[in-house]
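Q: Sharing a sequence plus its predicted fold:
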Amino acid sequence: MSRLLALLLLLPAAVMAATPIIPVVIQDHRFDPAEVRVPAGTKVRLVVDNRDATAEEFESHELNREKVIPGGSKASIFIGPLAPGRYPFFGEFNEATAQGVVIAE
Amino acid sequence: MLGAAIIVFRETLEAALLIGIVAAAARSLPARGRWLGLGVMAGVAGAMVVAASAGYIGELADGVGQELLNAGVLAAAVLMLAWHNIWMSRHAREMVDGARSVIRQVAEGSRELSAIALVVALAVLREGSETVLFLYGMMAQGESVVQVALGGMLGLAAGALIGFAIYAGLLRVPVRHFFSVTALLVLLIAAGMAGQCARFLIQGDLLPALATPLWDSSALLSNDSALGALLHVLAGYDARPSGMQALFYGATVLLIMAGMRLVRNDRASRPSMRPSVQT
């Protein structure tokens, strides 16, 4: 029983480990890299590191995602599996500068 | 200033429309203004707390605490809206016939109103916490406090105006159609919220997406067009929904409709509750 429980607890970790992690940095209200390349056809985990002091809202209509990232913190956003193509995203709180695109290939 | 106004307007719109609709739906219940006011105030207070602890919340549950919180808030709101609609389907006819029977049910009415107040509080909390974070960020970037406050108030006023417009518009609907119209609106809002709830759970990798996307109607009606945004708030429209989102949406519609029908039939089978049956 406890072994089964341990297995069940480890299962999500094992699945998580198989999900590629793609780092993105927010600095001075810009995304770096602005072009984020991800493998097509598989789920990936964007880890967005907001190094600004202020919050940003990661938003993408194409990716159907929306997440507030407080200043000085990291956030995970799971996307995909995506068909090959370009998926623009932006920072809603600083739309003038915070623009980026996920390229699935 | 205009930037702040636009974002605050966008964040306010959803809560404002919801408040306008439930305020109209509760038109015949006594002391509804007090309950709605209480909901808004509780929501604002909650929004401040959530905004202040956003960093902490975000890091919970391996970086998906925000998704869990949003999904939980949405799920609670869906439950309250479902309860409202099912309760209303039993009482709407009695209210149309005359308010007297309602006054006899003040106790039940205040239970209903507390559900409505909770829905309002949850909506304000969710949208409000993002607004607080945004406005705080603007000020931290050295924008003048007066400009940010002015912009914020302008956006808030515009959102409130639209909420009031839908409220006033709904009150003009003839009484015999009124409860069907509000019930339909509440049903669609609840289904849309259930869809958004699913989206947050997918974003946090707590549910499979099933299809990404199920369809793409962004060429016909995109999410960021005015009509698309309005339909998004009112009926949960999404130009690129995932399969799971559509599943949550459809299941919510079916479950609430089944609940409404069940309660209505239950009432019809007990003639003692309605001495003069006319349909």
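A: Happy to help now that I have it.
Q: Now do the contacts for B:Ala82.
A: B:Ala190, B:Thr252, B:Leu255, B:Ile256, B:Gly259 (C-beta atoms under 8 Å, 6 or more residues apart in numbering or on different chains). (Glycine included, C-beta is placed from N, CA and C.)
Q: A:Asp32 too?
A: Counted by C-beta under 8 Å, 6+ apart, A:Asp32 has contacts A:Val24, A:Val25, A:Ile26.
Q: Get me the contact residues on chain A for chain B.
A: Taking C-beta under 8 Å from any C-beta of the partner chain as the contact definition, chain A meets chain B at A:16, A:19, A:43, A:45, A:47, A:53-57, A:61-62, A:64-78, A:80-82, A:92-93.
Q: related to what we said a few turns ago, between the contacts of B:Ala82, which is nearest chain A?
A: The nearest member of those to chain A, counting by C-beta to the nearest C-beta, is B:Thr252 at 18.4 Å.
Q: Excluding chain neighbours, what is closest to that closest one?
A: Using C-beta to C-beta, 6 or more residues apart in numbering or on different chains and skipping residues adjacent in sequence, the residue nearest B:Thr252 is B:Ala194, 4.0 Å away.
Q: my guess is that neighbour meets B:Ala77, correct?
A: No: when contacts are counted by C-beta atoms under 8 Å, B:Ala194 is not listed as touching B:Ala77 (9.3 Å).
Q: neighbour count winner among those two?
A: Taking other C-beta atoms under 10 Å in any protein chain shown, B:Ala194 and B:Ala77 do not tie; B:Ala194 has more neighbours (28 against 25).
Q: give me every residue that touches the more buried one.
A: B:Leu74, B:Ala75, B:Val78, B:Gly236, B:Phe248, B:Tyr249, B:Ala251, B:Thr252.
Q: could I get those as JSON lines with neighbour count?
A: JSON lines is the format used below for the contacts of B:Ala194 (neighbours: other C-beta atoms under 10 Å in any protein chain shown):
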{"residue": "B:Leu74", "neighbour count": "25"}
{"residue": "B:Ala75", "neighbour count": "18"}
{"residue": "B:Val78", "neighbour count": "25"}
{"residue": "B:Gly236", "neighbour count": "23"}
{"residue": "B:Phe248", "neighbour count": "27"}
{"residue": "B:Tyr249", "neighbour count": "24"}
{"residue": "B:Ala251", "neighbour count": "13"}
{"residue": "B:Thr252", "neighbour count": "24"}
